[in-house]
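# only the shape, not the letters, is given here:
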């Protein structure tokens, strides 16, 4: 599966949009981009995933570049409860072996 | 609440003990997973079960023994563990063993081996 590169940490002001980047330059055509987050000492929580098109749900938006080599997770109005480690993962269809990296530690500040 | 429960939430055991971790999902999913998360390390996939059959064992030492009696329950039997096995053990499930289904994680069992 493709490797991903994320910044180790980011800060965001409460109420502002948090934009978390992910680089996956070696992604292949049958690989999805998934985002999960892990709040301290809890299990990871699914946020969103996509293949080619941008996606939006009640939690976040996922913007995937046209060449699919990078993506951005957007939390439109970050709250203190969004403080967590955010993981970007690429995963092949018909393969549920998710490879978690170090992720980005997002800190939302008042 | 994700629909995946794990018990116990915390466990302290000696190196000669035998204990079991339990995971139960109430989501009607068919695939279940065990992950290990050590301090300062990414999550590592340990085992994958699909319709009760083990489909993946990521070179896990034999002192960890999984059991999946049905699609809703998953156990991890532990014996003669080492202190370096201290970690957060996470269970997850997904509807299918396929790349288009998200995984739902339980809260984890924090294991300390003394």
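Structure received. Only a predicted model underlies this, so the values are computations on that prediction, with no experimental measurement involved.
# could you use CA atoms for every contact and neighbour count after this?
Fine.
# list the contacts for residue 101?
Using chain A. A:4, A:87, A:88, A:89, B:42, B:43 (Cα atoms under 8 Å, 6 or more residues apart in numbering or on different chains).
# ah, no, chain B please
Contacts of residue B:101 by Cα under 8 Å, 6+ apart are B:94, B:95.
# please apply the same query to the one 3 residues further on.
When contacts are counted by Cα under 8 Å, 6+ apart, residue B:104 touches A:44, A:45, A:46, B:2, B:3, B:4, B:92, B:93, B:94.
# how near is the second one to residue A:36?
Spelled out, that is residue A:45. The gap separating residue A:45 from residue A:36 is 5 Å, by Cα to Cα, to the nearest Å.
# re the thing from before, of the contacts of residue B:104, buried ones?
With burial judged by 16 or more other Cα atoms under 10 Å in any protein chain shown, the buried subset of these is A:44, A:45, A:46, B:4, B:92, B:93, B:94.
# low-confidence ranges in the chain?
I went with chain A, as the question did not name one. The model of chain A has pLDDT under 70 over residues A:1-2, A:94-96.
# to clarify, I was referring to chain B.
B:98-99.
# in it, which spans are strands?
For chain B, the strands defined by DSSP state E cover B:4-7, B:10-13, B:18-25, B:31-37, B:44-50, B:53-57, B:64-70, B:73-79, B:87-94, B:104-105, B:109-113.
# next: chain A.
A:9-13, A:18-23, A:31-38, A:45-50, A:55-56, A:61-64, A:70-75, A:84-92, A:104-109.
# what residues does the shortest one touch?
The contact list for strand A:55-56, computed with Cα under 8 Å, 6+ apart, reads A:48, A:49, A:61, A:62, A:63.
# contacting residues around the nearest residue to residue A:46 once chain neighbours are set aside?
Distances taken as Cα to Cα, 6 or more residues apart in numbering or on different chains place residue A:36 nearest to residue A:46, at 4.5 Å, with adjacent residues excluded. By Cα under 8 Å, 6+ apart, the residues touching residue A:36 are A:44, A:45, A:46, A:47, A:48, A:86, A:87, A:88.
# my read: the fifth one touches residue A:54, true?
Okay, so that is residue A:48. No: applying Cα atoms under 8 Å as the test, residue A:48 and residue A:54 come out as separate, 10.4 Å apart.
# common neighbours of these two, please.
What both residue A:48 and residue A:54 touch, as defined by Cα under 8 Å, 6+ apart, is the set A:61, A:62.
# looking at these two, which is more packed in?
Set residue A:48 next to residue A:54 and count neighbours by other Cα atoms under 10 Å in any protein chain shown: residue A:48 wins out with 20 against 15.
# how much space between that one and residue B:80?
Distance from residue A:48 to residue B:80, by Cα to Cα: 39 Å.
# and residue 53, what does it touch?
I went with chain A, as the question did not name one. Contacts of residue A:53 (Cα under 8 Å, 6+ apart): A:63, A:64.
# try chain B instead
residue B:68.
# next, count neighbours for the residue lying closest to residue B:70 once chain neighbours are set aside.
Nearest in space to residue B:70, with sequence neighbours left out and distances taken as Cα to Cα, 6+ apart, is residue B:52 at 5.5 Å. Residue B:52 has 18 neighbouring residues, counting by other Cα under 10 Å.
# brilliant, that's me finished.
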